[in-house]
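1. Quick check, what structure comes out for this input:
(chains A and B)
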Amino acid sequence: MSGSARSLAKGSAPPGPVPEGLIRVYSMRFCPYAQRTLLVLKAKGIRHEIININLKSKPEWFFKKNPFGLVPVLENSQGQLIYESAITCEYLDDVYPGKKLLPDDPYEKARQKIVFELFSKVPSLVTSLLRKQNEEDCSGQKEELRKEISELEEVLTNKKTTFFGGNSLSMIDYLIWPWFERMEILELNDCVDHTPKLKLWMAAMRKDPAVSALLMEPKALRGFLNL
Amino acid sequence: MEDATRSFGKGSLPPGPVPDGLIRVYSMRFCPYAHRTRLVLRAKGIRHEVVNINLRNKPEWYYTKHPFGQIPVLENSKCQLIYESVIACEYLDDAYPGRKLYPYDPYERARQKMLLELFYKVPHLTKECLVALRCGRECADLKLALRQEFCNLEEERQESVSAHQRSFLSPLAQETQIKLKAYLRNSAGPEILGYQNTIFFGGDCISMIDYLFWPWFERLDVYGIADCLNHTPALRLWTAAMKQDPTVCALLIDKNIFLGFLNLYFQNNPDAFDYGLAC
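-> Below you'll find the predicted structure:
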């Protein structure tokens, strides 16, 4: 579970310093950006503690952790703070030993970042579709989302591999996964109708231990979105 | 300058493969994004060739290098293509030996990337100001927005000087220093905060983040919006320091040539991109 502790809100006392040997992530159970960081922490087996933040009523002290007031934020035992989900993920990969999620080869690393850019319009499209469910006509946005997803399908087609970075799962797969998980839960599956390779990729992702450990309860997500 | 070559337009033949031992950058002499990549190539002493693209009249073959025909794009002798200016700069730092522009320390590296987020509205705002001024429109709101972005960067400069110094002091000395600074700031004005051990965004020496910011600051004057730095003395100090950097100097664009380019560009003249080149 992505931290089952109650979230800290306005008026709460700030948490103490991070103990040696641990890294802390400020998170929120349903945030797709924070999920990226949690996936990397899990995949690399990094000892960590999670503090959930009430994003509708943020504690004042949280702005000292991230002036933008957003999750995720990493804090280590030296008091160093890192924010922006992609930056936190890369930081963890650099600092911690074990399986490297980003390739060593400079070109392959650059390719992953190019694919990440290709993906960049998807989060806002998915978010706005999540908000519009049962409301106005969202066929325009669905079309746009299909178009963006087609570009990702093309990447898999050209690369001829299961995952976006090759034949094993790597950083780029974790970075984009949270939105595909949400598309499934919220029945935006028709957006991946015409993309068979992506469908296979999603099935393969679900088999990954880190991904499956962090899968959200569909009811919980739907409940959260309705609030 | 390596990039003083005529641009390739529609109907042109594609350049051949990139020879071994060289890397090619598709560029345009006045483009700030491509400027980033050229700064890194120069700073690291990387042997390269520049192919300028006529952005108003793009060669058909160029879309095989970039799906939307944008610059900059790197092409190496293995026919590998890398684009998005920031990705290209990081690739060069990773792939080539010699002086590393990104710090080795993972936290410092992350800090530089976080700083880049602080900067993200600047390119769009400077361009909008330029277009507004060139089209004879008002741009007070845009300039205000740009000044606000510069204030955010200024604050970062001032905080990072403090943080750097604080890290070497005992808690009592830190407290004294904070009080002293507050006193100085109130009595003597912001200029006094210039005991800049960390004059550059990444520390004592120029590094990647400085080069990633620089192109837009170089253009403030020729765009006619240099006054946007009026309230940010630490940033002015930084631009002065940047102008002393050999790499920045070597690539500085002559103001008259830039103005000539802008005049033609805003007249939609496709020859704009080759303005100032000797026949």
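2. Within its local environment, how many residues does residue 202 see?
-> I'll assume chain A. Residues near residue A:202, counting by other CB atoms under 10 Å in any protein chain shown, number 18. Backbone N, C-alpha and C define where each C-beta goes, glycine included.
3. try chain B instead
-> 21.
4. My read is that it contacts residue B:213, right?
-> No. Contact between residue B:202 and residue B:213 fails when scored by CB atoms under 8 Å: they sit 10.6 Å apart.
5. Please see if the longest helix anywhere in chain A touches chain B.
-> Longest helix of chain A, by residue count under DSSP state H: helix A:139-159. No. Helix A:139-159 is not in contact with chain B by CB under 8 Å from any CB of the partner chain; minimum separation 8.8 Å.
6. next one: stretch A:28-45
-> No. Using CB under 8 Å from any CB, stretch A:28-45 never reaches chain B; the gap is at least 12.4 Å.
7. mind listing the strands in chain A by residue range?
-> Listed in chain order, the strands of chain A (DSSP state E) span A:23-27, A:48-52, A:73-75, A:81-83.
8. Which residues does the last one contact?
-> The set of residues external to strand A:81-83 that reach it, using CB atoms under 8 Å, 6 or more residues apart in numbering or on different chains, is A:65-66, A:68, A:70, A:72-75, A:88, A:91, B:107, B:110-111, B:114.
9. Roughly how far does residue A:186 sit from chain B?
-> From residue A:186 across to chain B, the span is 28 Å (CB to the nearest CB, to the nearest Å).
10. Touching, that residue and residue A:127? I think so.
-> No. Using CB under 8 Å, residue A:186 is not in contact with residue A:127; the gap is 10.8 Å.
11. more neighbours, these two?
-> residue A:186 (16 against 13).
12. Double-check that residue B:262 belongs to a strand.
-> No. Applying DSSP: H, G, I helix; E, B strand; the rest coil, one finds residue B:262 to be helix, outside a strand.
13. In contact with it, which residues?
-> B:30, B:130, B:134, B:222, B:272 are the contacts of residue B:262 under CB under 8 Å, 6+ apart.
14. Now, of these, which are buried?
-> B:30, B:130, B:222, B:272 (16 or more other CB atoms under 10 Å in any protein chain shown).
15. give the contact list for the first one.
-> Remark: with contacts taken as CB under 8 Å, 6+ apart, residue B:30 is in contact with B:253, B:258, B:261-262, B:265, B:273.
16. Look at residue B:86 and say how many residues are nearby.
-> 16.
17. Tally up the residues packed near residue B:241, please.
-> 15.
18. wait, it sits on residue B:198?
-> No. Under the criterion of CB under 8 Å, residue B:241 is not in contact with residue B:198, lying 10.9 Å apart.
19. which residues in the stretch 1-150 of chain B form helices?
-> Listed in chain order, the helices of the stretch 1-150 of chain B (DSSP state H, counting those that start in this stretch) span B:32-43, B:85-95, B:106-118, B:122-134, B:140-166.
20. any residue of the first one up close to chain A?
-> Read it as helix B:32-43. No. Applying CB under 8 Å from any CB, one finds helix B:32-43 separated from chain A by no less than 12.4 Å.
21. Run the chain-centre distance for that helix.
-> Per CA atoms, centre = their mean, to the nearest Å, the displacement of helix B:32-43 from the mean C-alpha position of its chain is 8 Å.
22. Now do it against helix B:85-95, angle only.
-> 10 degrees (axes from the mean of the first three to the mean of the last three CA atoms, to 10 degrees).
23. tilt between helix B:32-43 and helix B:122-134?
-> 120 degrees.
24. other SSEs contacting helix B:32-43?
-> Contacts defined by 3 or more CB pairs under 8 Å, 6 or more residues apart in numbering or on different chains; DSSP states H and E place helix B:32-43 against strand B:23-27, helix B:85-95, helix B:208-223, helix B:246-251.
25. now swap in the fourth one and tell me
-> Helices and strands in packing contact with helix B:122-134 are listed as helix B:140-166, helix B:208-223, helix B:255-266; criterion 3+ CB pairs under 8 Å, 6+ apart.
26. Kindly export that helix (C-alpha atoms) in PDB.
-> The C-alpha trace of helix B:122-134 is given here as PDB (Å, rounded to 0.1, in the frame of the first residue of the first chain):
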ATOM      1  CA  VAL B 122      11.200  32.500 -19.200                       C
ATOM      2  CA  PRO B 123      11.700  31.400 -22.900                       C
ATOM      3  CA  HIS B 124       8.000  31.900 -23.700                       C
ATOM      4  CA  LEU B 125       7.700  35.200 -22.000                       C
ATOM      5  CA  THR B 126      10.800  36.700 -23.600                       C
ATOM      6  CA  LYS B 127       9.600  35.600 -27.000                       C
ATOM      7  CA  GLU B 128       6.100  37.100 -26.400                       C
ATOM      8  CA  CYS B 129       7.700  40.400 -25.300                       C
ATOM      9  CA  LEU B 130       9.800  40.400 -28.500                       C
ATOM     10  CA  VAL B 131       6.900  39.700 -30.700                       C
ATOM     11  CA  ALA B 132       4.700  42.300 -29.000                       C
ATOM     12  CA  LEU B 133       7.400  45.000 -29.300                       C
ATOM     13  CA  ARG B 134       8.100  44.200 -32.900                       C
END
